[in-house]
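J.: Structural data only, the sequence is not supplied:
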């Protein structure tokens, strides 16, 4: 099913202009849960660029940062220099990759998200040594802490 349903768990995907990204499994797609995840990531001088879902406008207002929505229903994929195409592309790659597992248990979703972040970061260069270094925390790929 498209959108959020009882069959799907919301995942928040965040990416900055430098290409750093983070993704989070949310308990619920609401202002409180989205705000808790975004607050530590966004500087006060950042501009939040999102789709036109109203939750993001409320979160931006609560955090006192400018919000630039891109209304995809009006086929506007770009609003001046602002767009969400990189996030949409990552989301598409994530969904296509997850399809091969024919469903993932909710309790393991964060592990799959971490696995996907490693694959995104290292592309074809991934090998057992890199995986071990990631597991030991020698790379800072798992989540960005601030944009």
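T.: Structure's in. What do you need? All values derive from a computational prediction rather than experimental measurement.
J.: and residue 58, that one's in a strand?
T.: No: applying DSSP: H, G, I helix; E, B strand; the rest coil, one finds residue 58 to be helix, outside a strand.
J.: and the closest residue to it other than its chain neighbours, what does it touch?
T.: Spatial nearest neighbour of residue 58, excluding adjacent residues (C-beta to C-beta, 6 or more residues apart in numbering): residue 31 at 4.8 Å. C-beta: built from backbone N, CA, C; applies to glycine. By C-beta atoms under 8 Å, 6 or more residues apart in numbering, the contact set of residue 31 is 55, 58-59, 62.
J.: As a markdown table, the residues you listed with pLDDT and distance to residue 102 would be great.
T.: Shown next, in a markdown table, are the contacts of residue 31 (pLDDT from 0 to 100; distance: C-beta to C-beta, whole Å):
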| residue | pLDDT | distance to residue 102 |
| --- | --- | --- |
| 55 | 91 | 30 |
| 58 | 93 | 35 |
| 59 | 91 | 33 |
| 62 | 91 | 38 |
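J.: Weed out the non-buried ones from those residues.
T.: 55, 58-59 (16 or more other C-beta atoms under 10 Å).
J.: Going by residue numbers, what spans are helices in this structure?
T.: For the chain, the helices defined by DSSP state H occupy 31-38, 54-63, 85-99, 109-122, 128-135.
J.: just so I know, which of the ones you listed lies nearest residue 17?
T.: Among the helices of the chain, the nearest to residue 17 by C-beta to C-beta is helix 85-99 (8.7 Å).
J.: which helices and strands sit right next to the closest one?
T.: strand 11-15, strand 21-25, helix 109-122 (3 or more C-beta pairs under 8 Å, 6 or more residues apart in numbering; DSSP states H and E).
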